[in-house]
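# Next come a sequence and a model predicted from it.
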Amino acid sequence: MWATLRQRNFALLWFAGLISITGNWMLSIALPVLVYQMTGSALAVGGMLAANTLPGILFGSVAGVFVDRWERRRTIIAINLLLAVSILPLLLVRSAEWLWLVYVVSFVQSTLSRFFTPAENAMLPLLSDPKLLVSANALNALNNNLARLIGPALGGVLVAGAGMSGVVIVDALTYVIATALAALISVTSHPGKDRPASDSPFKIVSEWAESLRLIWRERNVRVLFLVSALPAIGEATMYVLFVPFVTEVLHGDTTQVGALMSAQAVGGIIGGMVIGWVARRVLTVRLLGISAIIFGLVDLALFNYSTFFTGIALAYFFFVLAGPLAVAMGASYDTLLQSSVQDAYRGRVFGTIGLTSSVFMLVGVAFAGAAGDTIGIVPAINVQGYVYILAGIICLLALQVEQPAPVMRN
């Protein structure tokens with residue numbers, strides 16, 4: 001882990017991500033709670049997720065085309081600044097009559113992220129030693145979990161002391177700080193600089209079609225592309241039903257919504273610290289498949305233990321247990337994709353996979369909104385466990401196993 005962080009350019013990107021994601025977690029905990037308190041409707045919370053997901057469908061693949069054309073460091077800087085500005089309208093939200101503004105801001109922020117995420121994922125391999133790429137992706141997951149640990153708690157303090165406005169202002173400041181750190185990165189990534197400049201719709205479609213041909217041609221990329229749909233359904237279902245699950249099934253309160261997210265972050269921090277060691281001893285394909293299956297089983301245990309035991313304490317154990325598994329899945333998935341795709345295509349491939357995930361997240365939103373009120377919260381939320389188990393099995397059976405890396409000895 002420390003060897004990876006000693007790489008200056010990677011460390012700058014990592015700290016920039018840690019700071020901005022901390023702000024995001026403050027808001028991502030505060031907003032669903034706010035919307036649910038204002039409306040009492042899981043469907044209203046689902047509407048916010050739908051507004052956040054729709055840009056992935058509309059712009060995901062197109063964003064990837066431009067990410068492969070633009071200089072990626074400048075893209076990261078510009079998007080961070082735009083994210084800081086676009087979040088400020090949330091300062092106006094005071095009641096349910098302003099709920100539409102929450103949806104608009106969610107839509108705009110998500111649209112900007114369609115450009116940011118492929119740029120970051122495409123640039124990361126250029127900032128890290130290839131031998132440390134799994135560790136670098138794991139550290140990216142680690143900063144998400146550190147942010148998840150810090151953000152909800154800090155958000156709770158800010159909401160209590162300064163209201164939602166305090167959360168919004170601090171989140172905007174985190175984007176500004178992330179911009180300054182990204183500006184210090186000395187590596188540039190501009191694979192499209194020698195490509196003939198043309199913004200015609202035909203050229204854009206042609207470049208996007210190139211990524212589709214690559215996805216279909218490369219077996220591992222094809223499998224990873226198809227598998228991305230399953231977790232998207234599960235995560236959307238979890239997002240919509242999580243607050244009702246905690247408050248109505250586990251009989252917790254809204255403060256425990258954030259506390260459970262922080263509990264998973266504790267496990268994620270542990271996972272981020274040890275995944276580099278694990279990755280040197282376990283094939284990346286197997287790490288992905290096995291961790292996905294175990295993650296799904298942990299989910300099912302979490303969602304159903306209240307049938308046999310009362311209280312919320314056991315939920316914290318399952319959330320901590322899920323943390324390292326989530327890091328292992330994310331790091332191994334990104335590493336397999338990055339190492340299977342040439343730099344000139346990474347933005348488009350990540351964008352296209354983002355499009356797929358967004359489409360199936362809307363499927364999950366629709367399912368959760370309807371099923372939560374018909375078949376019940378627990379049977380509906382169990383879908384997350386089932387789809388992760390299925391995804392893990394597909395990965396183990398369909399992905400080509402890479403040559404084993406030599407075991408590193410201390």
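Structure's in. What do you need?

# now the helices for the stretch 1-150 of the chain?
2-5, 8-39, 42-67, 72-86, 99-123, 133-183 (DSSP state H, counting those that start in this stretch).

# mean pLDDT for the ones you listed: which is lowest?
Comparing mean pLDDT across those, the weakest is helix 2-5, with a mean of 67.

# so Gly272 touches Ala147, yeah?
No. Using CB atoms under 8 Å, Gly272 makes no contact with Ala147, being 11.5 Å away. For the C-beta atoms, the positions are set from N, CA and C on the backbone; glycine is no exception.

# circling back to that earlier point, mind putting the helices of the stretch 1-150 of the chain in TSV, mean neighbour count included?
Conversion of these to TSV gives the following (neighbours: other CB atoms under 10 Å):
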stretch	mean neighbour count
helix 2-5	14
helix 8-39	22
helix 42-67	23
helix 72-86	20
helix 99-123	21
helix 133-183	21
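
# Thr352: which of the ones you listed is closest?
Thr352 sits nearest to helix 42-67 of all those, at 4.8 Å, using CB to CB.

# which helices and strands does that closest one pack with?
When contacts are defined as 3 or more CB pairs under 8 Å, 6 or more residues apart in numbering; DSSP states H and E, helix 42-67 sits against helix 8-39, helix 99-123, helix 201-217, helix 229-244, helix 343-374.

# Figure out which of the ones you listed is closest to Gly252.
Taking the helices and strands packed on helix 42-67 one by one with CB to CB, helix 229-244 is closest: 9.8 Å.

# got a list of contacts for the closest one?
Residues outside helix 229-244 that contact it (CB atoms under 8 Å, 6 or more residues apart in numbering) are 32-33, 36, 42, 45-46, 49, 53, 254, 257, 292, 299, 356-365, 367-369, 372, 377, 380-381, 383-388, 390-391, 394.

# Where does pLDDT dip in the stretch 301-410 of the chain?
Scanning the stretch 301-410 of the chain for pLDDT under 70 picks out the ranges 401-410.

# do that again at 50, thanks
The stretch 301-410 of the chain contains residues with pLDDT under 50 at 403-410.

# Using CSV, write out the CA atom coordinates for stretch 105-121.
C-alpha atoms of stretch 105-121 as CSV (Å, rounded to 0.1, in the frame of the first residue of the first chain):
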residue,chain,number,x,y,z
VAL,A,105,-29.2,19.1,-9.2
SER,A,106,-28.9,15.3,-9.0
PHE,A,107,-29.3,15.1,-12.8
VAL,A,108,-26.7,17.8,-13.5
GLN,A,109,-24.2,16.4,-11.0
SER,A,110,-24.6,12.9,-12.5
THR,A,111,-24.2,14.3,-16.0
LEU,A,112,-20.8,15.9,-15.1
SER,A,113,-19.7,12.6,-13.4
ARG,A,114,-20.3,10.8,-16.7
PHE,A,115,-17.2,12.6,-17.9
PHE,A,116,-15.2,12.6,-14.7
THR,A,117,-15.4,8.8,-13.8
PRO,A,118,-14.1,7.5,-17.2
ALA,A,119,-11.4,10.1,-17.2
GLU,A,120,-10.2,9.1,-13.8
ASN,A,121,-10.4,5.4,-14.5
